[in-house]
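Chemist: sequence and predicted structure below; questions after.
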Amino acid sequence: MKDVAALESELASLAKRLSDLEDQELAVMERVETAEAVLAGIDADRASIAGETATLEAERDEAAAGLATERDAAERDRAVVSGGVPSDLLALYEQRRVRGAGVGAALLRQRTCSGCNMTLTGSDLDRVRRAAPDDVLLCPECDRILVRTDESGI
Ligand SMILES: [Zn+2]
């Protein structure tokens with residue numbers, strides 16, 4: 001009888017242990033499901049970001065191609081124009097262009113340099129007024145070549 005009671009006690013203990021393990025298994029399975037849901041969300045985000053990246057890269061490449069086309073056209077135009085400019089004036093322009101952040105010559109409009117927006121007055125304006133039409137004049141402020149037109153206001 002004592003052996004039967006011991007066996008029954010051991011069986012009850014094993015049944016409790018099995019129940020506890022089944023509870024633990026359920027808890028682990030719930031954690032796995034939660035982790036899988038988080039992972040699926042991350043995968044979806046990653047796919048979305050990859051799609052957005054591909055779109056932006058395509059836009060960038062298209063813009064770069066457009067800029068390359070514009071640059072080629074500008075270089076062709078520049079070659080045509082610079083071919084008709086005396087070499088000493090072209091050299092002066094290049095020098096001023098380097099100093100002037102890419103702009104070597106500026107229109108003089110209403111006595112104002114379009115390169116730096118300084119309005120010429122006094123002796124600076126007199127010098128421009130007295131200059132021959134083919135004299136090369138420089139802006140006293142930004143040192144760019146001043147291009148005079150009918151709109152120069154002098
Ligand atoms: Zn200027």
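Modeler: Arrived safely, thanks for sending. Numbers count the residues shown, from 1 in each chain.

Chemist: neighbours of Ala105, just the number please.
Modeler: 19 (other C-beta atoms under 10 Å). C-beta: built from backbone N, CA, C; applies to glycine.

Chemist: residue contacts, Leu107?
Modeler: With contact taken as C-beta atoms under 8 Å, 6 or more residues apart in numbering, Leu107 is in contact with 114, 147, 149, 151-152.

Chemist: so it belongs to a strand, correct?
Modeler: Yes. Looking at Leu107 with DSSP: H, G, I helix; E, B strand; the rest coil, it is inside a strand.

Chemist: is it in a bridge, and if so with what?
Modeler: Counting by DSSP bridges, Leu107 forms beta bridges with Val147.

Chemist: secondary structure and neighbour count added to the contacts of Leu107, as CSV?
Modeler: Compiled in CSV, the contacts of Leu107 are given as follows (DSSP: H, G, I helix; E, B strand; the rest coil; neighbours: other C-beta atoms under 10 Å):
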residue, secondary structure, neighbour count
Ser114, coil, 18
Val147, strand, 16
Thr149, coil, 10
Glu151, coil, 10
Ser152, coil, 17
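
Chemist: residue contacts, the closest residue in space to Gly104 that isn't next to it in sequence?
Modeler: For Gly104, ignoring the flanking residues on the chain, the nearest one in space by C-beta to C-beta, 6 or more residues apart in numbering is Arg97 at 3.1 Å. Going by C-beta under 8 Å, 6+ apart, Arg97 touches 103-105.
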